[in-house]
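[1] Need the 3D shape of this:
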Amino acid sequence: MAISIVKGMDPDLTSYLIDKALAIDSVLFLVSALLSFSSIRLQKSTENLERWAEVIFLLGLASMTLITLIFSFEIV
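    Numbering: from 1, shown residues only. Now for the predicted structure:
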């Protein structure tokens, strides 16, 4: 939803940076989901996969919050 709002804005540096940051953030969530899925499906010990999935997920949440705050309050 945020990407579609950014696409509707006038093209400038701020909308470009927000668009790219949200795209990178979505990749973080994808990697987190893939690691989590892999840890469920594998038979061997997957503590490292679970730990990485958790760290990347929290990084994605933090970055999404920061991007949303910047976008909402037009800090940039």
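
[2] Quick one: find the helix or strand in the protein with the lowest mean pLDDT.
    When the helices and strands of the chain are compared on mean pLDDT, DSSP states H and E, helix 2-8 comes out lowest with a mean of 60.

[3] State the next helix or strand along the chain beyond that helix.
    Past helix 2-8, heading to the C-terminal end, the next element that is a helix or strand (DSSP states H and E) is helix 13-41.

[4] So for that following helix, what gets flagged as buried?
    Of all the residues in helix 13-41, those buried under the rule 16 or more other Cβ atoms under 10 Å are 14-15, 18-19, 21-22, 25, 28-29, 31-32, 35-36, 39. Every C-beta, even on glycine, is put in place using the N, C-alpha and C of the backbone.

[5] Show the average pLDDT along it.
    For helix 13-41, the mean pLDDT works out to 88.

[6] Can you name the next helix or strand after that helix?
    Following helix 13-41 in sequence, per DSSP H and E, is helix 47-73.

[7] From Ser39, how far out is Glu50?
    Separation of Glu50 from Ser39 (Cβ to Cβ, to the nearest Å) stands at 5 Å.

[8] any idea how far Ile56 lies from Thr68?
    Distance from Ile56 to Thr68, counting by Cβ to Cβ: 18 Å.

[9] and these two? which has more neighbours close in?
    Counted by other Cβ atoms under 10 Å, Ile56 and Thr68 do not tie: Ile56 has more neighbours, with 20 against 14.

[10] Now Ile56. Nearest residue, chain neighbours left out?
    Ser32 (4.3 Å; Cβ to Cβ, 6 or more residues apart in numbering).

[11] check contacts around the one you found.
    Residues near Ser32 by Cβ atoms under 8 Å, 6 or more residues apart in numbering: Ala53, Glu54, Ile56, Phe57, Gly60.

[12] List the residues that contact the first one.
    Read that as Ala53. Contacts of Ala53 by Cβ under 8 Å, 6+ apart are Ser32, Ala33, Leu35, Ser36, Ser39.

[13] Just give me the closest of these to Ser72.
    When those are compared for distance to Ser72 (Cβ to Cβ), Ser32 wins out at 23.9 Å.

[14] Identify the residues contacting the residue nearest the centre of the chain.
    By Cα atoms, centre = their mean, the chain has its centre lying nearest to Asp25, at 2.2 Å. Asp25 makes contacts with Gly60, Ser63, Met64, Ile67, as judged by Cβ under 8 Å, 6+ apart.
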